[in-house]
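1. Quick one, fold the following:
(chains A and B)
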Number of protein chains: 2
Amino acid sequence: MPQLSQRTLNMQESPIRKLAPLASAAKQRGIKVYHLNIGQPDLPSPQEGLDALKHVTRTVLEYSPSQGFASYREKLVHYYAQYNINITPDDIIVTTGGSEAIFFSFLSTLNPGDEVIIPEPVYANYMTFAKSVGCVVRTITTKIEDGFSLPGIEEFEKLITPKTRAIMICNPNNPTGSVYSKQELMQLRDLVKKYDLYLFSDEVYREYVYTGTPYFSAMNLEGIDDNTILIDSVSKRYSECGIRIGAVVTRNAAVRGAIMKLCQARLSPPLLGQIVAEASLQAPASYFKHTYDEYVARRNVLVEGLNKIPGVYSPMPKGAFYTMAQLPVDDAEDFCKWCLTSFSYEGETLMMAPAAGFYVTPGAGKNQVRIAYVLKIEDMKRAVLLLEKALEAYGSRR
Amino acid sequence: MPQLSQRTLNMQESPIRKLAPLASAAKQRGIKVYHLNIGQPDLPSPQEGLDALKHVTRTVLEYSPSQGFASYREKLVHYYAQYNINITPDDIIVTTGGSEAIFFSFLSTLNPGDEVIIPEPVYANYMTFAKSVGCVVRTITTKIEDGFSLPGIEEFEKLITPKTRAIMICNPNNPTGSVYSKQELMQLRDLVKKYDLYLFSDEVYREYVYTGTPYFSAMNLEGIDDNTILIDSVSKRYSECGIRIGAVVTRNAAVRGAIMKLCQARLSPPLLGQIVAEASLQAPASYFKHTYDEYVARRNVLVEGLNKIPGVYSPMPKGAFYTMAQLPVDDAEDFCKWCLTSFSYEGETLMMAPAAGFYVTPGAGKNQVRIAYVLKIEDMKRAVLLLEKALEAYGSRR
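-> The predicted model follows:
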């Protein structure tokens, strides 16, 4: 049998998805599973997007342009303008989800052996894509006791070597829920400029910032137009994870040219997803207000509930719809598996993502889990109760 | 400004898509352009697929499983059984088009520096994906005067080095329209077995074989179950290029495991595309009969017309919906550009794909073009007339 590639042998399974078979087995045993493991909101997609599907009159479901529909990119310009991100339709490349935006950005700018600095805990799929292109992720550890805020800029600078090519941030952050301040971003800007690095900024949660301050995007940082590459997606914004529509936005024409070579090879982003995404731009302000208010309420219920459980600690997330919580267990992965295989309370259990998979540093985050607050309030309350019951039972097992 | 990656600097633009701006400019001047450059059929998608969109009742357009919907994979098993390809739903991974199937197969099995042998002319996007993973494509040249049939197996064996990891075929072939016989495939099988290579077989045109003999798939080759990786897509089968639904099929569980790591990182294949593709499996036999008959008729009109133009030669394609034609010009790329920038006849012109981009050997195919017979008969006839007029004008220009 021929060998597998070294790069895939080096990859871990997704910490978010690898327990899926255990959850399936639990369901087959008749147990109800509360899914807090995945950023799949239960909130409806905008009606404008859903209606667009019913009105597709095409008889040939044909390729769209490799860069994405011009009409969609033109409307996105207005969307970004709301966040003071001033760009042209040419600056936008529509991608197959934020995932492709990340992967193609890495492929276009990073050589094997190049280093990328990313704060950890880190969205695990960044690591898979980094390994796919052969680059090395170096992490700055952010800490639960600091609410996962960024350490001083000198911590970043310490990691810079001749091989450092980029800094990557996720802001608002998955998995921690932290939001970086303008001040923090300005410091990163100075570093990016000083060493002429790329700055990859994944901002797919920009609608969900709970700090009361206006959102400040990496695209607003002056003097690094050729360095900044924005990663985006409609998945979370419109509860449309399945349509696989994202974007790369950059004012650097050479980077866009390189990414377009890859985009041409994959021919086109999804046609139907673009139709839905374009229509969803017409969603009224009330859609976002409702969604926003709902996440705030869920967050409050979750974090308050978590911190009432003996031995559990969660900081208050400032954005996105995740929190990283510390549990009174030695090995959160073992506990998460046990919840699916050996525990139920009144026929129910819960599924969380073990946090170790979000850390590069060996052993870090071993007693943490990522919890997505994507279920309705009653279900969030119930899930918190199930966690409490599970921890009790886990602590007193054998 | 930071540098681009070496891999993208090494990539060519898509020979199929790179003339697109010239075509847009021609259209803006009011000229009608006949698109023979791209494998985008004008035939309708199955009504069953189009109807499925109207009946989507979901209110959350959520992620689907990373491997694709189980219900879809189960139905695909029956589809493949019609071609005597006997597999289980577990053997199938649903991908974002055939493009992702190719890319993820390469990423999972090939290390930088590994060599892949591919007959040329070759579907150009294979080269982009090969460069993306850092592997080297070595080509066996097939010749227009032999109807692009495979050379003897000894020509393949000559290219094998310690770095050779795979052989890739496209059968029926894009861009040449050739179809490999069972005999040819059996010889490839022996070679694959002898050197323990992977055999990537791109069979997205299997519905379009005009030889009257039953289609023989690489998946039917015995004794190389762990070596064979089938690349598939519904794009051409159902005229659904835009929905971006493909598949990797292999009985090698380790390869599937490696590919699934990448699939988990990209989260899921398109939800809406899967709904359409699954419904399209219900298309009646009459749909395929109509489509098949139409391509045969178009092919005959095209090839007969081409061979009547002085100095033009096209072999008779045995499958798919392309032909490679030789033109009485020194540089077909220059001619194709000229057709879009400097020629029109009664306000019309045509767009073809220059063939040089499908060859790895420098200078090969310089006087050839790829023509896709994806337009209705009257338009194919008109396009042939335009080609004749363009060649006359091009020959007597200045």
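2. tell me the contacts of the residue in the stretch 51-200 of chain A positioned nearest to chain B?
-> Ranked by CB to the nearest CB, the top residue of the stretch 51-200 of chain A for proximity to chain B is A:Thr128, at 3.8 Å. From N, CA and C alone the C-beta is placed, and that goes for glycine too. Going by CB atoms under 8 Å, 6 or more residues apart in numbering or on different chains, A:Thr128 touches A:11-12, A:14, B:261-262, B:264-265.
3. how much space is there between it and A:Asn10?
-> 10 Å (CB to CB, to the nearest Å).
4. Same check on A:Gln47?
-> Look at A:Gln47 and A:Asn10: by CB to CB, they are 44 Å apart.
5. And for A:Gln282?
-> 44 Å.
6. do the same with A:Pro65
-> 35 Å.
7. These two: which has the busier surroundings?
-> Neighbours were counted for A:Pro65 and for A:Asn10 using other CB atoms under 10 Å in any protein chain shown; A:Pro65 has more, 19 against 13.
8. My guess is that one contacts A:Ser268. True?
-> Yes: counting by CB atoms under 8 Å, A:Ser268 is a contact partner of A:Pro65 at 6.6 Å.
9. tell me, what residue is most central in chain A?
-> Of all residues in chain A, the one closest to the mean position by CA atoms, centre = their mean is A:Asn174, 4.6 Å from it.
10. ok, and the closest non-adjacent residue to that residue?
-> Nearest non-adjacent residue to A:Asn174, counting by CB to CB, 6 or more residues apart in numbering or on different chains: A:Tyr123, 4.9 Å away.
11. same thing with A:Thr361?
-> A:Thr141 (6.0 Å).
12. Quick check: phi and psi at the one you found.
-> phi -80, psi 120 (degrees, to the nearest 10).
13. Pull the contacting residues for it.
-> With CB under 8 Å, 6+ apart, A:Thr141 has these contacts: A:119-120, A:151, A:359, A:361, A:364.
14. Output those as a markdown table; include the columns pLDDT and secondary structure.
-> Formatted as a markdown table, these follow (pLDDT from 0 to 100; DSSP: H, G, I helix; E, B strand; the rest coil):
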| residue | pLDDT | secondary structure |
| --- | --- | --- |
| A:Pro119 | 97 | strand |
| A:Glu120 | 96 | strand |
| A:Pro151 | 91 | coil |
| A:Tyr359 | 95 | coil |
| A:Thr361 | 93 | coil |
| A:Ala364 | 95 | coil |
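15. Let me know the closest of the residues you listed to B:Lys18.
-> A:Pro119 (39.2 Å; CB to CB).
16. Near chain B, which residues of the stretch 101-250 of chain A are found?
-> Within the stretch 101-250 of chain A, the positions lying close to chain B (CB under 8 Å from any CB of the partner chain) are A:103, A:107-112, A:125, A:128-129, A:132-134, A:165-166, A:196-198, A:226-227, A:239-244.
17. Buried ones among these?
-> A:103, A:107-111, A:125, A:128-129, A:132-134, A:165-166, A:197-198, A:226-227, A:239-244 (16 or more other CB atoms under 10 Å in any protein chain shown).
18. at contact distance from chain B, anything in stretch A:273-287?
-> Yes: applying CB under 8 Å from any CB, one finds stretch A:273-287 touching chain B at A:273, A:276.
19. Any buried residues in that stretch, and which?
-> A:273-281, A:283, A:287.
20. And for stretch A:347-361?
-> In stretch A:347-361, counting by 16+ other CB under 10 Å, buried: A:348-360.
21. again with stretch A:218-233
-> A:218-219, A:221, A:224, A:226-233.
22. Using CSV, lay out these together with secondary structure and pLDDT.
-> Output for the buried residues of stretch A:218-233, formatted as CSV (DSSP: H, G, I helix; E, B strand; the rest coil; pLDDT from 0 to 100):
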residue, secondary structure, pLDDT
A:Ala218, helix, 98
A:Met219, helix, 98
A:Leu221, coil, 97
A:Ile224, coil, 97
A:Asp226, coil, 97
A:Asn227, coil, 98
A:Thr228, strand, 98
A:Ile229, strand, 98
A:Leu230, strand, 98
A:Ile231, strand, 98
A:Asp232, strand, 98
A:Ser233, strand, 98
